[in-house]
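K.L.:
Below is the sequence, then the predicted model.
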Amino acid sequence: MFPERKNFERLFLTILLLWSGAVFSFFSAQAETVDIKPYDDGFVIARSDGMLFFTDIEGTAADSIKIRSEIVGIAVSGSDVLAVAPDGRVTSVERDGKSRILCRSLNISGSMEGIACFDGKVFILSSQGILMSTSDWRSFTTFDFNSTYSGYYEYVRFTSICASDNMMFLAGVFDDGMPAVFTSAAGNIWSERILYYNEGRNVLMLEQQPLGIGYDPRTDVFVLACTDGCLFFMPGCSNCNYIERKAMYDLNAVAFNSGHVIFR
């Protein structure tokens with residue numbers, strides 16, 4: 001309805017990303033960035049229409065690959081990128097374009113929301129809190145978060161998953177719209193992460209909804225990409241949370257590599 005305004009907003013976002021050192025040359029009116037992960041000396045960026053962009057450390061796209069499915073999340077396993085589709089189809093992709101199907105679908109409730117590699121296994125998360133894990137792509141273990149913690153936690157609609165070498169984080173939204181984050185050292189027992197932070201002399205509760213999670217190994221900090229352009233940092237100390245406002249639009253993903261950060 002207002003093409004001039006849309007063009008201006010797109011130009012503004014491009015300038016902002018150039019200024020921040022994160023150059024994205026893959027805007028699409030039909031697709032959005034859904035996930036970003038560190039890859040070698042740069043990043044791999046996933047778009048919902050099946051596009052994968054391999055970038056340098058500054059975020060400039062060098063190679064691109066399109067797979068034959070939508071993408072809701074990615075994980076990196078060695079030199080392979082594991083891309084999960086809404087129905088649970090998992091495609092393993094190499095940078096040279098070679099790909100193979102590891103899983104054709106997962107017959108579980110809810111759309112898939114993310115994928116992570118942890119402790120020799122691959123974990124796939126659905127919006128309704130079903131967490132599937134496998135080490136061989138032949139047999140899967142199922143953990144139903146909302147069923148297991150019914151009556152203890154409110155129902156959660158999950159949006160993302162992320163893992164470090166020794167910890168996994170799940171993020172989503174409670175029924176009342178407030179953000180929810182849970183942590184686990186094994187994937188079967190989960191604890192809620194309190195999302196308070198200090199701003200001046202005030203102690204506030206995060207209100208923005210998490211849409212993605214990244215992990216910075218240099219500082220050992222998990223970071224939420226949130227609505228309203230916010231990044232929410234969660235160090236090991238739960239009383240040390242802090243927030244940074246980075247953009248005027250919702251952030252779907254954030255990733256860190258060698259002191260560099262990209263968010264979108």
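P.N.:
Here it is on my side, so go on. Owing to the predicted nature of the structure, the values given are computational and were not obtained by experimental measurement.

K.L.:
what pLDDT does the residue nearest the centre of the chain get?
P.N.:
The chain has residue 212 as the residue nearest its centroid, 3.6 Å off, counting by CA atoms, centre = their mean. Note for residue 212: predicted pLDDT of 98.

K.L.:
Kindly state the beta-bridge partners for it.
P.N.:
Applying DSSP bridges to residue 212 gives these bridge partners: residue 225.

K.L.:
ok, it touching residue 232?
P.N.:
No: if you go by CB atoms under 8 Å, residue 212 and residue 232 don't touch, sitting 11.0 Å apart. The way it works is simple: take the backbone N, C-alpha and C, and place the C-beta from them, glycine included.

K.L.:
Next, residue 147: secondary structure please.
P.N.:
helix (DSSP: H, G, I helix; E, B strand; the rest coil).

K.L.:
Could you check how far it is from residue 130?
P.N.:
Separation of residue 147 from residue 130 (CB to CB, to the nearest Å): 9 Å.

K.L.:
Who has more neighbours out of those two?
P.N.:
Using other CB atoms under 10 Å as the criterion, residue 147 and residue 130 rank with residue 130 on top: 21 against 10.

K.L.:
so what's the more buried one closest to, chain neighbours aside?
P.N.:
Among residues not flanking residue 130 along the chain, residue 108 sits closest, at 4.6 Å (CB to CB, 6 or more residues apart in numbering).

K.L.:
one step back: so what sits against both of residue 212 and residue 232?
P.N.:
In terms of CB atoms under 8 Å, 6 or more residues apart in numbering, residue 212 and residue 232 are both contacted by the residues residue 224.

K.L.:
what about this structure, any weak spots by pLDDT?
P.N.:
The model of the chain has pLDDT under 70 over residues 1-29.

K.L.:
And the strands in the stretch 1-150 of the chain?
P.N.:
Shown for the stretch 1-150 of the chain, the strands assigned by DSSP state E, counting those that start in this stretch span residues 33-39, 42-47, 51-55, 61-66, 73-77, 80-84, 90-93, 99-103, 112-118, 121-126, 130-134, 141-144.
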